[in-house]
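# Take this sequence and fold it.
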Amino acid sequence: MTAVETQMTYNSSYTIQHEEMYMTQEDDWDRDLLLDPAWEKQQRKTFTAWCNSHLRKAGTQIENIEEDFRNGLKLMLLLEVISGERLPKPDKGKMRFHKIANVNKALDFICSKGVKLVSIGAEEIVDGNVKMTLGMIWTIILRFAIQDISVEETSAKEGLLLWCQRKTAPYRNVNVQNFHISWKDGLALCALIHRHRPDLIDYSKLRKDDPIGNLNTAFEVAEKFLDIPKMLDAEDIVNTPKPDEKAIMTYVSCFYHAFAGAEQAETAANRICKVLAVNQENEKLMEEYEKLASELLEWIRRTIPWLENRVAEQTMRAMQQKLEDFRDYRRVHKPPRVQEKCQLEINFNTLQTKLRLSNRPAFMPSEGKMVSDIANAWKGLEQVEKGYEEWLLTEIRRLERLDHLAEKFKQKCSMHESWTAGKEELLSQKDYESASLMEIRALMRKHEAFESDLAAHQDRVEQIAAIAQELNELDYHDAATVNARCQGICDQWDNLGTLTQKRRDSLERVEKLWETIDQLYLEFAKRAAPFNNWMDGAMEDLQDMFIVHSIEEIQSLITAHDQFKATLPEADKERMATIGIHNEILKIAQTYGIKLSGINPYTNLSQLDISNKWDAVKHLVPLRDQMLQEEVARQQANERLRRQFAAQANIIGPWIQTKMEEISHVSVDIAGSLEEQMNSLKQYEQNIINYKSNIDKLEGDHQLSQESLIFDNKHTNYTMEHVRVGWEQLLTTIARTINEVENQILTRDAKGISQEQLNEFRASFNHFDRKRNGMMDPDDFRACLISMGYDLGEVEFARIMTLVDPNNTGVVTFQAFIDFMTRETAETDTAEQVMASFKILASDKNYITVDELRRELPPEQAEYCISRMTRYVGADASPGALDYISFSSALYGESDL
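Take a look at the predicted model:
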């Protein structure tokens, strides 16, 4: 494998993200935080000391954390020491790709331990990137020093923090809440040491106002007696507002591992306490079960005799009170006992489960207090309860039936007596003797309704008698009163039947006397009503406001009016016949001495109403004639305006369309040079501008039509809006076409394209512009490129489409086609050519100096290069050497400038 291939193989990057809790997002290495110089300094010192604490086991150490890991050798050695495993054999060469290979072996080993790497690549470690190197070391510390820490079901950072909190809790002035400001005064570190080795530190002599003294004491004692190297500077921690969390965690984790053995005794004590706590809790549950079982059984024993009492009460109120007491028992007294029974079973099952899970013998309650004993007692209670409830309901239904029948009898009697009140006096009246026919018929209908009502009440009388009989059969205590009232109702009912028949006979006899007059009233009403409706319609039509928009519409209204006038003689005959019926009624009344009320019962219309309305119709006819003739004159004037507008619009509209088509063909078919095309198009533009006067004249005619409220025109398909839009599109099209030619001239002059080449491009474009609209579809564009010798694959064609159609419109314009073709044919500079030029200025060296740039280039360009070129880091570099290769690549976007 070549060096280039090796570099490409290891040019992958990794991300740090472990599945465990210690790699949650808030704990993940944040490279931005390393920009704080104080934190970076603390991390450098801490991580270096941590690495050396392990590397010294292999007889080596590091001095500069970003430099000493660059070749990957000590990094692989560090991982072998802390993991106890062998890594692949390192590459011994000193070339860059050897170093990258070694670092990649180390990174691969980290990945094999369940860590995924992103944003940290081998090249960055080899290049001595401080941020990436510190991030990598922090990942190793998390994985091999912190991940496996576990305290009370918490792990990693949370486990380590909980361990610190548990160990320092008894100490004054110590409150560990985090891994930064909680450690600034040094008391937390001293408390950890004193908790496990009280012989090393006299904690009572420490002062909170001496943080540097406290920290140095902890550092010195830890290094001397606990074999924990000094990883931090007291001044750095005290003088930093917020010490670096990762540095503190790394140092504190060393104390955790140093004191791990002391945790065994504490774990044993915790286990004993846990076992005893389980036993105590089980005993408490047993006592509670016994107590609840005794109380529940005693309540059941007291309640059953009360439910077995079946002595009935004499009154409904007393029985209802018994039922209310039972319901109160169900709502208030029993539910808590149900809950107690349920809780008792739950406690028993929970206790047995806990005993079984803790390998304890099963719980055996006292005699008679087993769950089954309580269930049997409860079952007996519910059986007695059910029987008691059924007995209560049966007794209440019996008393309720008697009360209901008595109340129902009273209610029906009251309703019947209320209905019959005044009915005998009403049936005895002779009001029909002075009534008219309509009134007699109304009385007759009213009497028929009463007869129907009387028949309907027959069922109620029968129901009253049936209820009285049932009360007697059930020995109702007030049966005598019931029987007397029932007899009175029956006697009254027979009398009402007799009076009803007498009144019917009288009404039928009087009704026949009025039928003749009533028939005449009815005939008048039948003829007057439709004639009156006809006159109302005629008056409405004669006064109706009309809106017409053409001569044909007004002529239709005139024809309808003439047809109406032709019906007036026949209508006058109908008027005379209707008035004749009224005169006949007056004659009959006078002959037989009948006193008329003056009102026709079948209509509100009178003979006077008909005559007055007829006079009004005759008055409106000539007024309608005058209105119609005035509208005829107005519509004739509007028609003249329509024809005048249409005559111009039918010329201007096609002229605009023709010019649009000519311009579209000119942009495609015109021959000659671009300057000749420009002149031809400008002449077209001038001709169009000169035509503006015709548009203005049409606008004037359109304004006159609008003022006359003319909104349609059957003589033309062109509206003023169509003409305006077409005119604006025509001006836009000629301007855009001229602009395209101007752009082609600019492109030709800037790229050095000949007129023959432009003509060739135009010919190719026109050939594949199948729709003749000045644009090519992607398929047509691909065919055009193939015809010009391009060997196109899908990827290459997609790249070209992003150049000619950056907005994804789906078409390729001629200007975009010209830009692409000129870019393809014109000579352009490349990054390689610029590199070769710089190499000539540098006398074939791989770098260039400031003096050479200032000597060979103008001052402005020389200073530009000096300010942007990076320092050359090759083996052949001299002082002040600049890297012109990376600078040249950046000029063409191949790398960052």
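# alpha carbons only for contacts and neighbour counts from here, please
OK.
# what is the rounded mean pLDDT of whichever strand or helix holds residue 757?
Using DSSP states H and E, residue 757 falls within helix 755-768. The predicted model assigns helix 755-768 a mean pLDDT of 75.
# what helices or strands is it leaning on?
helix 778-787, helix 814-825 (3 or more C-alpha pairs under 8 Å, 6 or more residues apart in numbering; DSSP states H and E).
# buried stuff in that helix?
Residues of helix 755-768 classed as buried: 758, 761, 762, 764, 765, 766, 768 (neighbour count, 16 or more other C-alpha atoms under 10 Å).
# Same check on stretch 644-663?
644, 645, 646, 648, 649, 652, 653, 656, 659, 660, 663.
# just checking, the third one touches residue 720?
So the one you mean is residue 646. No: using C-alpha atoms under 8 Å, residue 646 makes no contact with residue 720, being 10.2 Å away.
# how does the protein divide into domains?
270-401, 436-605, 650-822, 831-892 (the TED database).
# Straight-line length of the second one, end to end?
Using C-alpha to C-alpha, to the nearest Å, the gap from the first to the last residue of domain 436-605 comes to 19 Å.
# How far does that domain sit from its chain's centre?
The chain centroid and the centroid of domain 436-605 are separated by 65 Å under C-alpha atoms, centre = their mean, to the nearest Å.
# cool, the first one as well?
If you compare the mean C-alpha spot of domain 270-401 with that of the full chain, they lie 51 Å apart, counting by C-alpha atoms, centre = their mean.
# Offset the numbering so it begins at 27, please.
Yes, from this point I'll number from 27; that puts the last item at domain 296-427.
# quick one, strands of the stretch 177-326 of the chain?
180-181 (DSSP state E, counting those that start in this stretch).
# so where's it shaky on pLDDT?
Residue ranges of the stretch 177-326 of the chain with pLDDT under 70: 179, 287-299, 301-302.
# now swap in the stretch 577-726 of the chain and tell me
For the stretch 577-726 of the chain, the stretches flagged by pLDDT under 70 are 615, 618-621, 691-698.
# Tell me which stretches of it form helices.
Assigned by DSSP state H, counting those that start in this stretch, the helices in the stretch 577-726 of the chain fall at 577-592, 594-618, 633-695, 700-716, 718-733.
# for the first one, which positions count as buried?
Put plainly, it is helix 577-592. Counting neighbours by 16+ other C-alpha under 10 Å, helix 577-592 gives 577, 580, 581, 584, 587 as buried.
# what helices or strands is it leaning on?
By 3+ C-alpha pairs under 8 Å, 6+ apart, helix 577-592 packs against helix 633-695.
# now swap in the last one and tell me
Contact partners of helix 718-733 among helices and strands, from 3+ C-alpha pairs under 8 Å, 6+ apart: helix 633-695, helix 746-777.
# what's in contact with that helix?
664, 667, 668, 670, 671, 674, 675, 678, 737, 746 (C-alpha atoms under 8 Å, 6 or more residues apart in numbering).
# three-state assignment of residue 146?
Under DSSP: H, G, I helix; E, B strand; the rest coil, residue 146 falls in the strand class.
# Hmm, it is touching residue 160, no?
No: checked against C-alpha under 8 Å, the pair residue 146 and residue 160 is beyond contact range at 10.4 Å.
# hey, what's in contact with both of the two?
Counting by C-alpha under 8 Å, 6+ apart, nothing touches both residue 146 and residue 160.
# just to revisit the earlier point, now tabulate the domains of the chain in a markdown table and tack on distance to residue 153.
Output for the domains of the chain, formatted as a markdown table (distance: least, C-alpha to C-alpha, whole Å):
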| stretch | distance to residue 153 |
| --- | --- |
| domain 296-427 | 51 |
| domain 462-631 | 89 |
| domain 676-848 | 35 |
| domain 857-918 | 10 |
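# most remote residue from this structure's center?
residue 617 (89.8 Å; C-alpha atoms, centre = their mean).
# now it: how far from residue 610?
Separation of residue 617 from residue 610 (C-alpha to C-alpha): 11 Å.
# try residue 327
From residue 327 to residue 610 the distance is 103 Å (C-alpha to C-alpha).
# cool, residue 387 as well?
From residue 387 over to residue 610 (counting by C-alpha to C-alpha), the distance is 121 Å.
# do residue 479 as well
41 Å.
# which one of these two has more residues nearby?
Shown here are residue 479 and residue 610; by other C-alpha atoms under 10 Å, residue 610 has more neighbours (14 against 11).
# Alpha carbons of stretch 608-615, as CSV, please.
The C-alpha trace of stretch 608-615 is given here as CSV (Å, rounded to 0.1, in the frame of the first residue of the first chain):
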residue,chain,number,x,y,z
HIS,A,608,-122.0,41.1,-3.9
ASN,A,609,-125.1,42.8,-5.2
GLU,A,610,-127.1,39.5,-5.1
ILE,A,611,-126.2,38.9,-1.4
LEU,A,612,-127.5,42.4,-0.6
LYS,A,613,-130.8,41.6,-2.4
ILE,A,614,-131.4,38.3,-0.6
ALA,A,615,-130.7,39.9,2.8
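# Could you list the buried residues of it?
608, 611.
# again, but for stretch 593-606
Buried-residue list, stretch 593-606, by 16+ other C-alpha under 10 Å: 601, 604, 605.
# How about stretch 228-243?
By 16+ other C-alpha under 10 Å, the buried positions in stretch 228-243 come out as 229, 232, 237, 238, 239, 240, 241, 242, 243.
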